[in-house]
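J.: Everything below, folded, please.
(chains A, B and C)
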Amino acid sequence: MHAPIGNPPARRPVAPVHIVGAAATAFLPEHDAMPDELVFAAVHQALREAGLRQQDLGLSVTASMDVLDARSISSGLTNAAAGGYLRDAFRIEGDAGLAVIAAAEAVASGDVEVAVAVGVHNPETTGTTRDRQAFLQQISNLAFEPHVDRPVGMTATATYALQAAHHVATTEADAESLARLAAAEISRGSGRARAVRGAPATAADVLASAPVSWPLHELMLPAESTGAVAIVLASPARAGRCLGRDARITGLGHATGRYTWAGDWISDPAAPTRRAAADALALAGPGDGAVVAELSAPTPALHAAYVDALGCADAVVNASGGVLSNFPGLANGALRLLEVLDQLDGAAVGARGLSHSVDSITGLVSQDVSVLVVEAA
Amino acid sequence: MTSDITTPATQPVHWDLHYDIHLGETWSRFMDGLREQRILANECGSCARVFVPPQAYCESCFEPVTAWRELPSEGVLEVFTVAWHGFRGGPTPPYAIGGIRLDGASTLLMHWVVGAEFSETGDVRAALPFGTRVRAVWSQERTGQILDIAHFEPVD
Amino acid sequence: MPYRAAVVGVGITEATSPRKQTSSTPELCRLATERAIEHAGISPDTIDAIVTGNIDGFEGTVLDGKNITRALGIGDTVPLVVINTGGTTGGNLMQVAARMVRAGTHRRVLCLGGPTFFGSVDLQSAINTNSPMIIEQPLGMGAYHMGAFAASAYQARFGLTPEDLAAVVVADHEKASRNPYAHLRYTVTPEEVLAGRPLASPLTQPMVCPVSTAAIAMVVGDAADADAHSTSPALIKAIGMSADPYLGGGKGDFSEMQNLANLARRVYARADVRDPLDDFDAVEVFAPYAHMQPMQLEALGFAAPGGGVDLIRSGVTDIGGKLPVNMSGGPKCTNGGVSGELAPYAYAALQVMGDAPPDIQVPGARRTLAHGTGGSFFQFENLAVFETLTRSN
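T.: Numbering: from 1, shown residues only, chains lettered A, B, ... in the order given. All right, here's what the predicted structure looks like:
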């Protein structure tokens, strides 16, 4: 069982974890609600769907960020809403995909039977889309190293633009081809209930949208929204006594990219995705390829590299329209998983889906990537 | 080894973040009440806990809380501390912050308490015993914030 | 699920005030990491995840783990998890790492706690941003103002005197004076404590923690890999966390730590602890203010309600006593934020590893308890039980 530790350490079997509930609030430009009220709405509904109560929870993991929530230790506010009153709970400052992984690890460890992961995103600012975007970029700038990168104005959007510029300069891609890809994503998602870009778009529409940072236009960037998404997990035996949906997480992987100085986030932006995918697929073991995949490409210049890193070229990719259709910030990891679950609904037992999420706190720099392999149960 | 370095060891960094906090329906209603000199609480339909400030959900029953009721502006001062030393941007010390159990409430409402002279050297309870009944004193100008209650003071 | 988690290495930097500190935050973090890796006797590139903590509003940075952990020399694209639950962040780092190892998804995880309060010009002002916004924050509460509520209520119920509080402080400083990593390493007299500047009744300046700068790192690994380490690992026998609601007013009774008492029952059951006073060889509690230690000892079952001060005054909690408590000097003498929160876990693990600094090592310690607390009005509590894990060779 215990192979010698090498580099990287040898992978070992991990107990399967079931998904028994998943629910989301509405996705709006901004919610008139406290972060904990959004968390409560999503968790309450997800537990209901599974036929569970708060008292059944062994662990609650919340994903949120203090500086977006306008409160130091904002988990103090959201913790009880995630089901954590007098119970085991903690908060991750990052994407909800990491919260799902942490909750799954707690179930796989045998320490808890039922766990909930919830991502909440409702930055405490108000105003026009442009005002809100300016606020998000100000927060992003604060998350860069304070003495060297912050003063020169590094932001998540700046990293996306740098990579896209390099991509255009070194491949056959051009603004037109990026616009076509973006238009296809937006159009694919446009008819769906969770889309925040509700109308189809053409490449011309994308190129006519506001230029943000060359070569990127507004419609090539994520469709920012707010809301909360909760995922309820259970051990296989406990899942058998739940109501509602059932799927199995058979693989999970997480990697964090390198910092500005490494530079590979420009030339090889899929490196952390490759690592996370390799870990997740190794855990899942051999099986048929994924039939559906939800990947999170913050710009069209990243799309092909992520498809390649995830090995999902044969799957139906981003039926939802992906993050260009709806990107609820830190709740994205849970939303992508929810989309995969919905698409696997009714599929043959064992049909495989891939859920890929990234955070956008510092963009491609130190990018957090989570990959989940899910099978219909 | 570092003796030839002339740059100061620290550099000032200032955050300038402006937030607009979304109150949500529950606290918006509470604030509406304060403007009208009413303290609005809500009550869990499952366990009958009465929350002030009100909560959108009961953390114990994990159910939404929807039933409203007005509480009297009097209650018991269960505990307080006198802040002799404050902080940058905070109220001017000394000030007394108390936990007040309004009549009928399951939770404590935190607020300022005035009406006693405290001494730095003695036990502050000599001037104001825990368990004293107190009542809310309303601000002249009320704008829908917690300081629409100016403070609490002992009931004669 | 055949995996068990253990602390296999600990690295602690010397602590000092922000004013006297000559190293930067990244330098302190790197030093602690190097010491933890060296202590464990492992190669840095076998670490397969990092868990760190950031409390952004208290720091001058947002998620500085995103750049600091990328410069630790631990390989590219190593997954980073950033935790923030305030004062329980430190304990949660180990909890998350332990679950990663117990699940089998990871095998060696680095827990890193940095100097959270480094650079804040007025820390109580920063901490006021954690006071419930809109409702309680305008009232002007920093950390010790919130702490003073419990001190006041405990005082009213059990007749705690200023002299009692001073006795706790004197004992903590005596212990810290023997810990080379402690910040306040001077001893104090009861008179000095009582003569201190009043901060928030009944607390005076010497009764509250200093602002320290230090970093602590810990390697959590698979207990079955024990032979691959140079240490005698500390098995993580049981972990747990419990939470109160957000508003200070939701606590109910400030005179006893009910949330902690509830958690202790749960964690003791998992670790098969039946008589805490007999079953533990040493305890490290997160007690940054003088009244907290006696209250915590009561909630943890070491003394009856109101009996915590007598336990401390009796010498039971001193070195050589039946239950040495906070041999490190505790957060009352060294509080570097997340590093200070991780400290009880680091020192409690070191005790069962037999690797605590010689003057604070409890001879033959085999089972220890570590504690963390924080959040608005100390709403969060967490605990871990460590046991000696004997290597097969």
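J.: what about C:Arg99, which helix or strand?
T.: C:Arg99 is part of helix C:89-103, with elements assigned from DSSP states H and E.
J.: Next SSE downstream of that helix?
T.: Per DSSP H and E, helix C:89-103 leads on to strand C:108-113 as the next helix or strand towards the C-terminus.
J.: and that next one, what does it pack onto?
T.: The helices and strands touching strand C:108-113, judged by 3 or more C-beta pairs under 8 Å, 6 or more residues apart in numbering or on different chains; DSSP states H and E, are helix C:25-40, strand C:49-53, helix C:89-103, strand C:216-222, helix C:338-353. For the C-beta atoms, the positions are set from N, CA and C on the backbone; glycine is no exception.
J.: wait, does the next helix or strand after the second one contact chain B?
T.: For strand C:49-53, the following helix or strand on the C-terminal side (DSSP H and E) is helix C:65-68. No. Using C-beta under 8 Å from any C-beta of the partner chain, helix C:65-68 stays clear of chain B, coming no nearer than 14.7 Å.
J.: helices or strands next to helix C:65-68 in the packing?
T.: Secondary structure elements in contact with helix C:65-68, counted by 3+ C-beta pairs under 8 Å, 6+ apart, are helix C:25-40, strand C:49-53, strand C:80-83.
J.: want to try a markdown table for the ones you listed, with mean neighbour count and mean pLDDT as columns?
T.: Rendered in a markdown table, the data for the helices and strands packed on helix C:65-68 read as follows (neighbours: other C-beta atoms under 10 Å in any protein chain shown; pLDDT from 0 to 100):
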| stretch | mean neighbour count | mean pLDDT |
| --- | --- | --- |
| helix C:25-40 | 22 | 97 |
| strand C:49-53 | 27 | 97 |
| strand C:80-83 | 28 | 97 |
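J.: Get me the contact residues on chain B for chain A.
T.: Taking C-beta under 8 Å from any C-beta as the criterion, the contact residues of chain B with chain A come out as B:11, B:13, B:15, B:17-28, B:56-57, B:59-64.
J.: Would you mind identifying the helix or strand in chain C with the lowest mean pLDDT?
T.: Per-element confidence for chain C was summarised using mean pLDDT, DSSP states H and E. The lowest value among helices and strands belongs to helix C:123-127, with a mean of 79.
J.: gap between that helix and the chain center?
T.: Once both centres are worked out by C-alpha atoms, centre = their mean, to the nearest Å, helix C:123-127 turns out to sit 20 Å from its chain's centre.
J.: Is the next helix or strand after it positioned near chain B?
T.: Once the chain leaves helix C:123-127, the next helix or strand it forms, by DSSP H and E, is helix C:143-158. Yes. Where contact is defined by C-beta under 8 Å from any C-beta, part of helix C:143-158 touches chain B, namely C:145, C:148-149, C:151-153, C:156.
J.: does helix C:143-158 come close to chain A?
T.: No. Using C-beta under 8 Å from any C-beta, helix C:143-158 never reaches chain A; the gap is at least 10.7 Å.
J.: so how far is that helix off the chain centroid?
T.: So, by C-alpha atoms, centre = their mean, the centroid of helix C:143-158 is 20 Å from its chain's centroid.
J.: what residues does the least confident helix or strand of chain C touch?
T.: Surrounding helix C:123-127, the residues in contact under the criterion C-beta atoms under 8 Å, 6 or more residues apart in numbering or on different chains are A:72, B:86-90, C:57-58, C:117, C:120, C:142-145, C:211.
J.: For the stretch 251-393 of chain C, which residues are neighbours of chain B?
T.: Residues of the stretch 251-393 of chain C lying close to chain B (C-beta under 8 Å from any C-beta) are C:251-252, C:254.
J.: can I get those in a markdown table with secondary structure and distance to C:Thr13?
T.: What follows is these, written out as a markdown table (DSSP: H, G, I helix; E, B strand; the rest coil; distance: C-beta to C-beta, whole Å):
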| residue | secondary structure | distance to C:Thr13 |
| --- | --- | --- |
| C:Lys251 | coil | 35 |
| C:Gly252 | coil | 39 |
| C:Phe254 | coil | 35 |
